[in-house]
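J.: turn this into a structure:
(4 chains)
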4 protein chains.
Amino acid sequence: MLEKHIKKAYNESTEGKRKGDKKTESEKIREYILSAKKITVPNWDGKKLESINRTLKKFGLPKAKGLKINTNAADLTRMPTITKALMAVDTTDSDLIIARGRLGVPGSGSMLVIMDHKGRILSAAISPPHIIHGKSLQEAVEEELKTALQRLGL
Amino acid sequence: MLEKHIKKAYNESTEGKRKGDKKTESEKIREYILSAKKITVPNWDGKKLESINRTLKKFGLPKAKGLKINTNAADLTRMPTITKALMAVDTTDSDLIIARGRLGVPGSGSMLVIMDHKGRILSAAISPPHIIHGKSLQEAVEEELKTALQRLGL
Amino acid sequence: MLEKHIKKAYNESTEGKRKGDKKTESEKIREYILSAKKITVPNWDGKKLESINRTLKKFGLPKAKGLKINTNAADLTRMPTITKALMAVDTTDSDLIIARGRLGVPGSGSMLVIMDHKGRILSAAISPPHIIHGKSLQEAVEEELKTALQRLGL
Amino acid sequence: MLEKHIKKAYNESTEGKRKGDKKTESEKIREYILSAKKITVPNWDGKKLESINRTLKKFGLPKAKGLKINTNAADLTRMPTITKALMAVDTTDSDLIIARGRLGVPGSGSMLVIMDHKGRILSAAISPPHIIHGKSLQEAVEEELKTALQRLGL
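T.: Numbers count the residues shown, from 1 in each chain, chains lettered A, B, ... in the order given. Next comes the predicted model:
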């Protein structure tokens, strides 16, 4: 579904004619997200999954399922959240993944990413380190997910 | 400089004892950024580099230099901004890289990333697609850089 | 198809019980490759595509199609061949990708990779820099593809 | 040291003038490897480290040190060996990293990679899954390291 639009954009970049994101491209991403049937959240405990599902419901999206996998392992990589999301891509047949974790090096704060079934990045949101913003984890997660969806026009 | 802290954090994750970012970790990142002598911005035209430098000055940081390299090529990858930043890591001896570009797939909006000399991610900020937020490019870039620095407590 | 096996292996690693690749895992990869219907080779000119197709035929695999995309861009990244293969994953609906290009930094020689439709790495082969081995490009490509398939037991 | 050569090669690719690896590029990689003072092997037990060191000695290279870190975590990522090598880049100040592990998905066999202090890939070698080649682990590792060094002309 996104393949055709990505190819076109790649060709524009090659020809030096690319001038930033296009309306139709963001629209296609929204369509992809809104048509998701199976959403997975790697390694989420009950409470956090509830926060995510509460937010998804507000946007008319189906409930996400948790994934039992050792996402701690992702914390030993350069981009823990991206690694965590890819774990879900590679071990499930979900069409949408929502992962949340550390942005980069220890101390760099957190990131939430929305990924498609092939591992392509559709949207994301970033928060300061918890020790700096002081919000509750649930509050932070809800806000990040809301931001990640709204910034695409959802 | 960051190696010791990263190793400690990795070991905590392995032992299941990790409880999020620590004050000293964010502090070490701040120290690294503040002690930067050579800052590079891959492929920035005069005006944008000025916006970046205006913001860097407010935070007491030295002027960044632009890097002439074909950063359009990064737009044909999964994470254009990360790819762009790594181009600067691999072709210069800078100790700090500030790159700005597309977050993920075409239509996904933009990202600004702050990277160290080895390609480790220190901070970042994300904006909606230009067609949605409607800000000028310069304004968006200044805001992103400010956000990326302030979220670490700078 | 591979999801279930990957998940199982991930769990074994987590529990410290993993003892290397299993027969059934390599078998599943072989099955995936042999059942491929649409094979894509990013940016291959006529002659090279012919070499690839000659080799694929010997293994009972369908003809691959070339993909017109600016794969030169991949040469400005850390792992050019992997980047090139991901370009095909992201812009087509192929179930198998065969990409060939540079392994790492300039001067590091070449790599051929076999990737599935999600960007997972199934097999690969590596050759010395051309200036060292002295083989013709076609000969090198045929040999690499043969090696990449045979090492899995095909 | 490699920065200047990488930049030049990137510019050639951009201008469409690149014709494969150059003698001087492979030479610069060899020089980098031969001048390494601190070599690290992430997570190697005594015996395997000995095999590596035996091979390094034959090439006139200094002894490598093992790194105690949970490299099992790398097995939950898309490119376990690359992830493992980056763990050593990010947690030590070594100038050369030699990592060995799984190539891609479970069942895909093994890879040995030689990485510089910034995470750039200098050389690599790939072996079939152990269950297919049947060699001892030590024998396989020694052969891979030898291949990875010799293919650059060392």
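J.: show me where chain A has helices.
T.: Taking DSSP state H as the test, the helices found in chain A are A:3-14, A:23-34, A:46-58, A:80-91, A:130-133, A:137-150.
J.: tilt between the second one and helix A:3-14?
T.: Meaning helix A:23-34. Taking axes from the mean of the first three to the mean of the last three C-alpha atoms, to 10 degrees, one finds helix A:23-34 and helix A:3-14 inclined to each other by 150 degrees.
J.: buried ones in helix A:23-34?
T.: For helix A:23-34, the neighbour count (16 or more other C-beta atoms under 10 Å in any protein chain shown) marks A:25-26, A:28-30, A:32-33 as buried. No exception for glycine: its C-beta is placed from N, CA and C like everyone else's.
J.: tabulate those in CSV, adding columns for distance to chain D.
T.: Below are those laid out as CSV (distance: C-beta to the nearest C-beta, whole Å):
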residue, distance to chain D
A:Glu25, 25
A:Ser26, 27
A:Lys28, 25
A:Ile29, 23
A:Arg30, 27
A:Tyr32, 22
A:Ile33, 23
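J.: which two from the residues you listed end up farthest apart in space?
T.: Spanning the widest gap among those are A:Glu25 and A:Ile33, at 13.2 Å by C-beta to C-beta.
J.: partner residues bridging the residue nearest the centre of chain A?
T.: Computing the C-alpha centroid of chain A and ranking residues by C-alpha atoms, centre = their mean puts A:Ile114 first, at 1.6 Å. Beta-bridge partners for A:Ile114, by DSSP bridges, are A:Ile98, A:Ser123.
J.: surely it and A:Ile98 touch.
T.: Yes: using C-beta atoms under 8 Å, A:Ile114 is in contact with A:Ile98, at 5.7 Å.
J.: now the worst-scoring helix or strand of chain A on mean pLDDT - C-alpha only, CSV.
T.: Taking mean pLDDT, DSSP states H and E as the measure, the helix or strand of chain A with the lowest value is helix A:130-133, at a mean of 84. In CSV, the C-alpha atoms belonging to helix A:130-133 read as follows (Å, rounded to 0.1, in the frame of the first residue of the first chain):
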residue,chain,number,x,y,z
HIS,A,130,11.5,10.8,33.5
ILE,A,131,13.9,12.3,36.1
ILE,A,132,13.5,15.6,34.3
HIS,A,133,9.8,15.8,33.3
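J.: now check that helix, is it near chain B?
T.: Yes: applying C-beta under 8 Å from any C-beta of the partner chain, one finds helix A:130-133 touching chain B at A:130-133.
J.: out of these, who's nearest C:Leu49?
T.: C:Leu49 has its nearest neighbour among those in A:His130, at 52.4 Å by C-beta to C-beta.
J.: ok so, going back, contact partners for the residue nearest to the centre of chain A?
T.: A:Ile114 makes contact with A:33, A:96-98, A:121-124, A:148-149 under the criterion C-beta atoms under 8 Å, 6 or more residues apart in numbering or on different chains.
J.: including pLDDT, could those go into TSV?
T.: Shown next, in TSV, are the contacts of A:Ile114 (pLDDT from 0 to 100):
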residue	pLDDT
A:Ile33	98
A:Leu96	98
A:Ile97	98
A:Ile98	97
A:Ile121	98
A:Leu122	98
A:Ser123	98
A:Ala124	98
A:Ala148	98
A:Leu149	98
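J.: let me know the closest of these to C:Leu49.
T.: Nearest to C:Leu49 among these, counting by C-beta to C-beta, is A:Ile121 at 30.6 Å.
J.: any idea how far the closest residue to the closest one other than its chain neighbours is from chain C?
T.: The spatial neighbour of A:Ile121 that comes closest, neighbours along the chain excluded (C-beta to C-beta, 6 or more residues apart in numbering or on different chains), is B:Gly104 at 2.7 Å. B:Gly104 sits 10 Å away from chain C, going by C-beta to the nearest C-beta, to the nearest Å.
J.: cool, A:Ser123 as well?
T.: In terms of C-beta to the nearest C-beta, A:Ser123 sits 16 Å off from chain C.
J.: endpoints of stretch A:75-86, how far apart?
T.: End-to-end span of stretch A:75-86 (C-alpha to C-alpha, to the nearest Å): 13 Å.
J.: what about that stretch and chain B, touching?
T.: Yes: for stretch A:75-86, a contact with chain B is found by C-beta under 8 Å from any C-beta, at A:75-76, A:78-79, A:82.
J.: what does chain A have sitting close to chain C?
T.: Contact residues, chain A versus chain C (C-beta under 8 Å from any C-beta): A:2-3, A:6-7, A:10-11, A:13-14, A:69-70, A:73, A:87, A:89-93, A:117-120.
J.: just the buried ones from the residues you listed?
T.: The neighbour-count test (16+ other C-beta under 10 Å) applied to the residues of chain A next to chain C identifies A:2-3, A:6-7, A:10-11, A:13-14, A:69-70, A:73, A:87, A:89-92, A:117-120 as buried.
J.: just those residues that are near chain B?
T.: When contact is defined as C-beta under 8 Å from any C-beta, these meet chain B at A:2, A:6, A:10, A:13-14, A:73, A:119-120.
J.: now for those residues, which pair is the farthest apart?
T.: The span of those, defined through C-beta to C-beta, is set by A:Thr14 and A:Ala73 at 36.9 Å.
J.: enumerate the residues of chain A near chain D.
T.: Selection of chain A residues close to chain D by C-beta under 8 Å from any C-beta yields A:69-70, A:72-78, A:83, A:86-87, A:90, A:105.
J.: make JSON lines out of these and add pLDDT.
T.: Shown next, in JSON lines, are these (pLDDT from 0 to 100):
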{"residue": "A:Ile69", "pLDDT": "91"}
{"residue": "A:Asn70", "pLDDT": "92"}
{"residue": "A:Asn72", "pLDDT": "93"}
{"residue": "A:Ala73", "pLDDT": "96"}
{"residue": "A:Ala74", "pLDDT": "97"}
{"residue": "A:Asp75", "pLDDT": "97"}
{"residue": "A:Leu76", "pLDDT": "98"}
{"residue": "A:Thr77", "pLDDT": "98"}
{"residue": "A:Arg78", "pLDDT": "98"}
{"residue": "A:Thr83", "pLDDT": "98"}
{"residue": "A:Leu86", "pLDDT": "98"}
{"residue": "A:Met87", "pLDDT": "98"}
{"residue": "A:Asp90", "pLDDT": "98"}
{"residue": "A:Val105", "pLDDT": "98"}
